[in-house]
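Peer 1: Coordinates only, no sequence provided:
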C-alpha cells in the first residue's frame, strides 16, 4: 500500500532522498523498515559527505497530503519515534510540528554539528537527551523524525569553483542571516562546482521566482552567474504554477484558467495536490 514516488541520490552529498506515499499506518511501517535496514548497512564512523547528518537515516518528515491533517502526521511521528527508540535502541529527536521543545523545532538546530558533535555530547549534556530511545549512539547514529509542510529542496550551481562565493550567497539569502523568509541555505562544493543548496520550507511565504531573482542579483554582485538549478526530491505543482504566474506578472486568480484544471473540474477528476491552495 506504499507508493515509491522518487529517489534522488548523489556521491558528493553522499545522501539519498526517498519520497513515498500511502495510507498513514502503511507509511509508518515502511519508514520503520527503512530506518532498520539503513542502520544495518551504514556506519557513520566511516561515512563522509558534504551534507549535514546525524544518522544513517538522518531525517524522516511526515507531510499531510490528501485526507490527512498535520495532527495526523504528528501522531505518526510520535508513534514511529517511540517504536524506533524501543525496538531499534536508537536515539530519536522530534522536530517541527511534532516537537514540544522550542529549541528543536528547526531541523538545522537539531542537526548542528552532525553525528560527530552528537557523539561527543549525547549522554554528557542534558540538552542532547533524545525524545525517545537511549542517550547513547551506535555507528548508525540517531534519527530526526517530525511533521511539516511540503518542502522544496532547490539547489543552484554557480559558474565558479570558489565555494566561498557560494557560502557568501547562502549567508545573504537565508532567513537566519536576515535574508528571505522561509529559506535555508548552505554553500557547498558539489560536482566540482560551487553550489548554493537551499531548503524552501514554505513556498507560499517566499516563492521560487523571488528566490531566483535574489540569487541572480547576488551571483552578479560576486562576479559569477547561475549556470543551472536542480530539485532534490519532489515539489508541489502549485509552486511551479506560482513561479510562472509571478514571472508573467499575471494575477494569482489566473490559475483558474489553466486548461487541465478546468477539464478536471468538468470531468470530476481529482485535482493535483495543492492546486487549490494558491
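Peer 2: That came in fine, so what should we check first? A quick note: this is a predicted structure, and the numbers were derived from the prediction, not measured. Residues are numbered from 1 along each chain as shown.
Peer 1: Only C-alpha atoms from now on, for both contacts and neighbour counts.
Peer 2: OK.
Peer 1: Low-confidence stretches in the protein?
Peer 2: The model of the chain has pLDDT under 70 over residues 268-278.
Peer 1: tell me the secondary structure for residue 139?
Peer 2: coil (DSSP: H, G, I helix; E, B strand; the rest coil).
Peer 1: My read is that it contacts residue 41, right?
Peer 2: No. Between residue 139 and residue 41 there is no contact, the gap being 10.3 Å when judged by C-alpha atoms under 8 Å.
Peer 1: Now do the phi/psi pair for the nearest residue to residue 99 once chain neighbours are set aside.
Peer 2: Once flanking residues are discounted, residue 99 sits nearest to residue 105: 6.1 Å by C-alpha to C-alpha, 6 or more residues apart in numbering. The phi/psi pair for residue 105 (degrees, to the nearest 10) reads phi -70, psi -40.
Peer 1: List the residues that contact residue 105.
Peer 2: By C-alpha atoms under 8 Å, 6 or more residues apart in numbering, the contact set of residue 105 is 94-97, 99.
Peer 1: how does it look with 7 Å?
Peer 2: If you count contacts by C-alpha atoms under 7 Å, 6 or more residues apart in numbering, residue 105 has them with 95-96, 99.
Peer 1: likewise residue 129?
Peer 2: Contacts were defined as C-alpha under 7 Å, 6+ apart; by that measure residue 129 touches 122-123, 135.
Peer 1: Highest neighbour count among the residues you listed?
Peer 2: Counting neighbours by other C-alpha atoms under 10 Å, residue 135 leads those with 21 neighbours.
Peer 1: Helix, strand, or coil at the nearest residue to it once chain neighbours are set aside?
Peer 2: Distances taken as C-alpha to C-alpha, 6+ apart place residue 123 nearest to residue 135, at 5.1 Å, with adjacent residues excluded. Under three-state DSSP, residue 123 falls in the coil class.
Peer 1: where exactly do the helices run in the stretch 151-278 of the chain?
Peer 2: 163-173, 208-221, 237-248, 259-267 (DSSP state H, counting those that start in this stretch).
Peer 1: how about JSON lines for the ones you listed, with distance to residue 35 and mean neighbour count added?
Peer 2: JSON lines is the format used below for these (distance: least, C-alpha to C-alpha, whole Å; neighbours: other C-alpha atoms under 10 Å):
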{"stretch": "helix 163-173", "distance to residue 35": "31", "mean neighbour count": "21"}
{"stretch": "helix 208-221", "distance to residue 35": "32", "mean neighbour count": "16"}
{"stretch": "helix 237-248", "distance to residue 35": "29", "mean neighbour count": "16"}
{"stretch": "helix 259-267", "distance to residue 35": "38", "mean neighbour count": "12"}
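Peer 1: Ok, which of these comes nearest residue 63?
Peer 2: helix 237-248 (15.2 Å; C-alpha to C-alpha).
Peer 1: packing partners for the closest one?
Peer 2: Under the contact criterion of 3 or more C-alpha pairs under 7 Å, 6 or more residues apart in numbering; DSSP states H and E, helix 237-248 touches helix 208-221.
Peer 1: now for the helix it packs on, which elements pack on it?
Peer 2: helix 237-248.
Peer 1: and the helix it packs on, how far from the chain's centre?
Peer 2: In terms of C-alpha atoms, centre = their mean, to the nearest Å, the centre of helix 237-248 is found 20 Å from the chain centre.
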